[in-house]
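*Asks:* give me coordinates for this.
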Amino acid sequence: MNTRLLLILAGGGAALWSYRNWRKSVQFAMVLLLVEGALRKWIFPGSQDLVYFAKDVLLLGTYAGFLRDRARLRLRPPALPALYGTLALSILLGLFQVFNPRLPNLLVGVFGFKAYFFYVPLLFVLPAAFPTDAALARFLRRYALLAVPVGLLAVAQFFSPPTSILNTYARSSNEMGYIATFGSSEHVRVTATFSFITGYTSYLLATSILLLGLLGSSRWRFRGNLLLFLALGMTLLGMLMTGSRGPVLMLLALVPAYWWLGVLRERGGGAAFGRLVLGLSLVGVFLAYAGGDALGAFYGRALSVADVPGRVASPLVAPFHLLPHAGLLGFGIGATHQTAVALTPGVIPYSWLQGVIIEAESGRVMLELGPVGFLLVYFLRICLAAVAFRQVLTLRTRFHRAVATTCLLWFLASIPGGVIFDVTSDVYFWFFAGLLLLAMRLDREAVRAAAQAAARPQPGRDSGRVTDDPSPTPVGAVGAWQGRAP
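*Replies:* Predicted structure coming up:
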């Protein structure tokens, strides 16, 4: 029995398991997102296409299992009519665009629709996947700590030659074996467990934002959080070793929002800010001591290129430049996606775009969907950021506000960033969207439980007296967040 058949059978079994265990399956799918590239590069190089869809098979079973139990769960989603309405209109337009006559074939449209909307159900699955604060906090902490082994692999790649087995990309056998380097040095631009540099940089940005949320929830205390500080150091070191300036610039741009919303606004914000400065100083010492070569290589590459202003401005100006080419309906959903070439054998790559090629995602969305679709896609991102910002200001518990702050930072990064055409960012975008709704649900339940406890008659107290803690914090969540048993 060959490897591909075994993988197909294993995929069928995984789909059945995820259908029956859809809550655990969400967590496994997020971990598989991290190791999928390693499986494609080193374990199953002859079946990379099948491994690429492994997380999608898990999630498909997850969605089916959630739909089976949805009536029994009796979850009431928050009232967000603008968000749901925009999402529904976007999906309808996406279905219409599958049949756009300017597409080379129907299959390109189908895969394009998948790229835009396959992970949207995470918005509704996540709020039901974690029953308590403690369960959510444990998963987030353990997931963030995976940055340590992933970062160690990246370090090994950085100090290995380009010809090393560690430094390879996931690609077909007929593609050239080129490995990106820094140019100014022999060091490679690392990918860790991911297939390519883009996926790893998306993971690094998402993980750094998650770690800021974790540390902010614990007020940047060192006790019980040393592994989180190590994970933050490894994540920042990984950013330098990729040679990509985008995640570094974006993280720096997000720091003021985090400083205000995640630190200063909270009770004891002054002391937390002092510990934040000390903690980041220690991380800086770690980077200077352990990552001197990475700092030098990154600095050398940053000085050797002069296209930073153009790259920063491109997401803003590209849609306006491409509007005349796109017309009213665009070239069809998936027309610029990287899988379109594989789905059109014998056709000159992207010839259906009539010579119009663009790198920025905003421009590619304009080319594919036209102005109406472009406005819907980006209004949806802005809408999610607005919802997250409102929840940061209104949620009652520190734990849930920290989760909402994490989601807000990711949504802000996603407005100019790539989401649709990078599967890693795509998964994280809808994962954080579902995480935001989950935080809203858990906060509502925590406040309700606190009100019921305060209203319950207690010996020696006035049975009619009701108290309201303005910032109740679930004890179990704090324990799990800091690595202690609740």
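
*Asks:* mean confidence for the helix or strand containing Arg364?
*Replies:* Assessed by DSSP states H and E, Arg364 sits inside helix 361-394. Mean per-residue pLDDT for helix 361-394: 96.

*Asks:* how far is the helix or strand following that helix from where the chain is centred?
*Replies:* As assigned by DSSP H and E, the chain's next helix or strand after helix 361-394 is helix 398-414. The chain centroid and the centroid of helix 398-414 are separated by 12 Å under CA atoms, centre = their mean, to the nearest Å.

*Asks:* quick one on the thing from earlier: for the helix holding Arg364, buried residues please.
*Replies:* The neighbour-count check on helix 361-394 (16 or more other CB atoms under 10 Å) flags 361-370, 373-378, 380-381, 383-385, 387-389, 391-392 as buried. Heads up, the C-betas are built off the backbone N, CA and C, glycines and all.

*Asks:* and the nearest residue to Gln391 once chain neighbours are set aside, how far from Ala318?
*Replies:* In space, and not counting its chain neighbours, Gln391 is closest to Ala404: 4.1 Å by CB to CB, 6 or more residues apart in numbering. Distance, Ala404 to Ala318, using CB to CB, to the nearest Å: 31 Å.

*Asks:* now swap in Gly300 and tell me
*Replies:* 29 Å.

*Asks:* ok, these two, which is more surrounded?
*Replies:* Ala318 (20 against 15; other CB atoms under 10 Å).

*Asks:* that one against Leu367, yeah?
*Replies:* No: between Ala318 and Leu367 there is no contact, the gap being 9.3 Å when judged by CB atoms under 8 Å.

*Asks:* residue ranges with poor pLDDT in the protein?
*Replies:* Applying pLDDT under 70 to the chain flags the ranges 1, 172-177, 183-185, 304-308, 310, 458-486.

*Asks:* centre-most residue in it?
*Replies:* Compute the mean C-alpha point of the chain, and by CA atoms, centre = their mean the closest residue is Tyr428, 2.2 Å away.

*Asks:* quick revisit: give me every residue that touches the residue nearest to Gln391.
*Replies:* Shown in contact with Ala404 (CB atoms under 8 Å, 6 or more residues apart in numbering): Ala388, Gln391, Val392, Leu395, Leu436, Ala439, Met440.

*Asks:* verify the stated contact: Pro161 with Thr168.
*Replies:* No: at 12.0 Å, Pro161 does not count as touching Thr168 under the criterion of CB under 8 Å.

*Asks:* between these two, point out the one with more neighbours.
*Replies:* Neighbour totals were compared for Pro161 and Thr168, and Thr168 leads with 18 against 12 (other CB under 10 Å).

*Asks:* dump the residue contacts of the closest residue to that one other than its chain neighbours.
*Replies:* Distances taken as CB to CB, 6+ apart place Lys41 nearest to Thr168, at 5.3 Å, with adjacent residues excluded. Lys41 sits next to Thr168, Tyr169, Ala170, Ser195 when contact means CB under 8 Å, 6+ apart.

*Asks:* and for Ser160?
*Replies:* Counting by CB under 8 Å, 6+ apart, the residues that Ser160 touches are Leu166, Asn167, Val188.

*Asks:* try Ile43
*Replies:* Val51.

*Asks:* ok, now how distant is it from Gly37?
*Replies:* For Ile43 relative to Gly37 (CB to CB), the value is 11 Å.

*Asks:* any common contacting residues for the two?
*Replies:* What both Ile43 and Gly37 touch, as defined by CB under 8 Å, 6+ apart, is an empty set.

*Asks:* before we move on, the earlier item: now do the shared contacts for Ala318 and Leu367.
*Replies:* Ile358.

*Asks:* neighbours of Leu282, how many?
*Replies:* Residues near Leu282, counting by other CB under 10 Å: 14.

*Asks:* thought Phe229 was touching it, still the case?
*Replies:* Yes: applying CB under 8 Å as the test, Leu282 and Phe229 come out as touching, 6.8 Å apart.

*Asks:* got the contact list for the residue nearest to Gly327 when sequence neighbours are not counted?
*Replies:* Spatial nearest neighbour of Gly327, chain neighbours left out: Gly370 (6.3 Å); criterion: CB to CB, 6+ apart. Counting by CB under 8 Å, 6+ apart, Gly370 touches Ala326, Gly327, Leu328, Leu329, Gly330.

*Asks:* which member of these is positioned nearest Phe399?
*Replies:* For the contacts of Gly370, the closest approach to Phe399 (CB to CB) belongs to Gly330, at 42.5 Å.

*Asks:* was I right to think that closest one contacts Asn100?
*Replies:* Yes: here Gly330 lies in contact with Asn100, judged by CB under 8 Å, at a distance of 7.1 Å.

*Asks:* pick out whichever of those two has more residues nearby.
*Replies:* Counting neighbours by other CB under 10 Å for Gly330 and for Asn100 shows that Gly330 has the greater number, 27 against 21.

*Asks:* and the more buried one, which of the three is it?
*Replies:* coil (DSSP: H, G, I helix; E, B strand; the rest coil).

*Asks:* how near is the closest residue to it other than its chain neighbours to Leu412?
*Replies:* Nearest residue to Gly330 in three dimensions, chain neighbours excluded: Gly370, at 3.7 Å (CB to CB, 6+ apart). Gly370 is 26 Å from Leu412, where distance means CB to CB.

*Asks:* again with Val285
*Replies:* Applying CB to CB to Val285 and Leu412 gives a distance of 29 Å.

*Asks:* so which of those two has more stuff around it?
*Replies:* Neighbour count, other CB under 10 Å: between Val285 and Leu412, Leu412 has more, with 21 against 11.

*Asks:* residues in contact with the residue nearest to that one when sequence neighbours are not counted?
*Replies:* Among residues not flanking Leu412 along the chain, Ala385 sits closest, at 5.7 Å (CB to CB, 6+ apart). Shown in contact with Ala385 (CB under 8 Å, 6+ apart): Leu408, Phe411, Leu412, Ile415.

*Asks:* if we go to 10 Å?
*Replies:* By CB atoms under 10 Å, 6 or more residues apart in numbering, Ala385 lies in contact with Cys407, Leu408, Leu409, Trp410, Phe411, Leu412, Ala413, Ser414, Ile415.
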